[in-house]
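Participant: Got a predicted model here, sequence first, then my questions.
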Amino acid sequence: MNSPSDAPIQIRKEGPVTVISLHRPQRRNAVDSLTAKLLFDAFHAFDQDSSASVAVLTGDGDSFCAGADLKAVASGDLHTLDPTGGQNTLGPMGPTRMTLTKPVIAAIEGHAVAGGMELALWADLRIMADNAVMGIYCRRFGVPLVDMGTIRLPRLIGQSRAMDLILTGRPVHAEEALAIGLANRVVPAGQALQAAIQMAQTLAEFPQTCMRNDRLSVLAQWSLTTDEAIANEMRGGLQVMATGETQHGAKAFSQGAGRHGQFGPPSSETR
């Protein structure tokens with residue numbers, strides 16, 4: 001799967017990993033209405049693709065994403081959005097209101113700021129280059145967070161830290177991002193994409209129903225009572241057991257898989 005070289009969204013497959021790249025270097029990968037819709041469509045297609053297990057979101061060139069394209073906004077480029085912000089509707093930055101059934105990893109080089117930071121927050125995991133920067137830079141221009149930044153950021157790093165970043169708009173460099181839980185990994189500059197692909201390939205090797213159901217349980221529990229969350233977690237677990245994944249893993253363990261510190265998916269030889 002290859003996109004035209006001039007398309008604002010580039011998509012390529014590396015086995016079970018789908019790499020989706022913002023490709024607007026002349027705007028530091030800022031997102032206009034067309035790009036937002038294409039990004040939304042790309043992730044919808046990924047989620048529906050039975051051969052795809054994990055996606056990597058990145059930006060071509062020296063930036064992840066500079067947020068909304070304010071030059072386009074100034075010229076009247078405002079697409080029609082659902083003011084209720086319904087789940088799985090098109091967000092201003094594209095996929096930020098989507099709940100996918102599979103994980104997404106953000107590979108961040110350069111700046112992931114304003115709406116670009118909200119895109120990074122939407123991903124399940126964030127791998128930052130050691131010279132990368134996040135920040136609510138839109139604070140300076142009166143541009144609100146409407147891609148769930150005010151919701152996801154406090155959930156990730158706590159309300160006090162989130163208030164600091166949201167109110168001040170200050171830059172957050174990779175070292176601090178890792179320390180406060182905003183980044184999951186920090187790698188040398190220029191290596192974020194490759195590190196994200198390697199992580200995605202590792203995730204793609206695990207039993208997929210179990211991993212996906214556990215992930216969805218984590219996402220669902222925010223809006224559930226404790227009893228509802230317990231019941232939801234158990235439903236997902238029973239679904240996994242019904243597929244045979246758990247029995248296969250138990251058989252692999254009984255035959256020696258995972259001993260002496262070994263880590264990885266059960267070998268197909270134990271099926």
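Facilitator: Okay, I see it.

Participant: ok, the strand or helix carrying Met128: who's next to it in the sheet?
Facilitator: Per DSSP states H and E, Met128 falls inside strand 125-129. Strand 125-129 has the following sheet partners, assigned by DSSP bridges: strand 104-108 (parallel), strand 185-187 (parallel).

Participant: immediately after the longest one, which helix or strand?
Facilitator: In this case it means strand 104-108. By DSSP H and E, the next helix or strand past strand 104-108 is strand 111-113.

Participant: Okay, buried residues for that next one please.
Facilitator: By neighbour count on 16 or more other CB atoms under 10 Å, the buried set for strand 111-113 is 111-113. C-beta: built from backbone N, CA, C; applies to glycine.

Participant: about what we covered before: same list, the strands paired with strand 125-129, but as a markdown table with mean neighbour count please.
Facilitator: Listed next are the strands paired with strand 125-129 as a markdown table, based on neighbours: other CB atoms under 10 Å:
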| stretch | mean neighbour count |
| --- | --- |
| strand 104-108 | 29 |
| strand 185-187 | 20 |
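
Participant: The ones you listed: which one's closest to Asp124?
Facilitator: Closest approach to Asp124 among the strands paired with strand 125-129 (CB to CB): strand 104-108, 5.5 Å.

Participant: how far is that closest one from where the chain is centred?
Facilitator: Chain-centre distance of strand 104-108: 6 Å, with CA atoms, centre = their mean, to the nearest Å.

Participant: Over to stretch 161-174?
Facilitator: 20 Å.

Participant: re earlier: may I have the strand holding Met128 exported as CSV, CA atoms only?
Facilitator: Only the C-alpha atoms of strand 125-129 are listed here, as CSV (Å, rounded to 0.1, in the frame of the first residue of the first chain):
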residue,chain,number,x,y,z
LEU,A,125,2.2,4.8,23.2
ARG,A,126,4.7,7.6,22.4
ILE,A,127,8.3,7.2,21.4
MET,A,128,10.2,10.5,21.4
ALA,A,129,13.6,11.4,19.9
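
Participant: For this protein, which segments are assigned as helices?
Facilitator: Per DSSP state H, the chain carries helices over the ranges 33-48, 70-74, 115-122, 149-157, 159-168, 174-179, 192-205, 208-220, 226-243, 245-254.

Participant: what about the shortest one, average pLDDT?
Facilitator: What that stands for is helix 70-74. Taken as a whole, helix 70-74 carries a mean pLDDT of 85.

Participant: which other residues reach it?
Facilitator: Contacts to helix 70-74, defined as CB atoms under 8 Å, 6 or more residues apart in numbering, come from residues 27, 30, 32-33, 141, 143.

Participant: Now that helix: buried residues?
Facilitator: 70, 72-73.

Participant: related to what we said a few turns ago, got the strands paired with strand 125-129 as TSV, with distance to Gln262 columns?
Facilitator: Listed next are the strands paired with strand 125-129 as TSV, based on distance: least, CB to CB, whole Å:
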stretch	distance to Gln262
strand 104-108	24
strand 185-187	22
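
Participant: Those strands into TSV, with extra columns for mean pLDDT and distance to Met134?
Facilitator: Below are the strands paired with strand 125-129 laid out as TSV (pLDDT from 0 to 100; distance: least, CB to CB, whole Å):
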stretch	mean pLDDT	distance to Met134
strand 104-108	98	8
strand 185-187	98	12
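
Participant: out of the ones you listed, nearest to Leu22?
Facilitator: With CB to CB as the criterion, Leu22 lies closest to strand 104-108 of the strands paired with strand 125-129, at 11.0 Å.

Participant: what angle separates that closest one from helix 115-122?
Facilitator: Orientation check (axes from the mean of the first three to the mean of the last three CA atoms, to 10 degrees): strand 104-108 against helix 115-122 gives 140 degrees.

Participant: re the thing from before, so which of the helices of the chain is the most surrounded?
Facilitator: Ranked by mean neighbour count, the helices of the chain are led by helix 115-122 with a mean of 28 (mean count of other CB atoms under 10 Å).

Participant: Check which helices and strands that helix is in contact with.
Facilitator: In this structure, helix 115-122 makes packing contacts with strand 54-59, strand 104-108, strand 133-135, helix 149-157, judged by 3 or more CB pairs under 8 Å, 6 or more residues apart in numbering; DSSP states H and E.

Participant: distance between the third one and the chain's centre?
Facilitator: Taking the mean of its C-alpha atoms, strand 133-135 sits 16 Å from the chain's own mean (CA atoms, centre = their mean).
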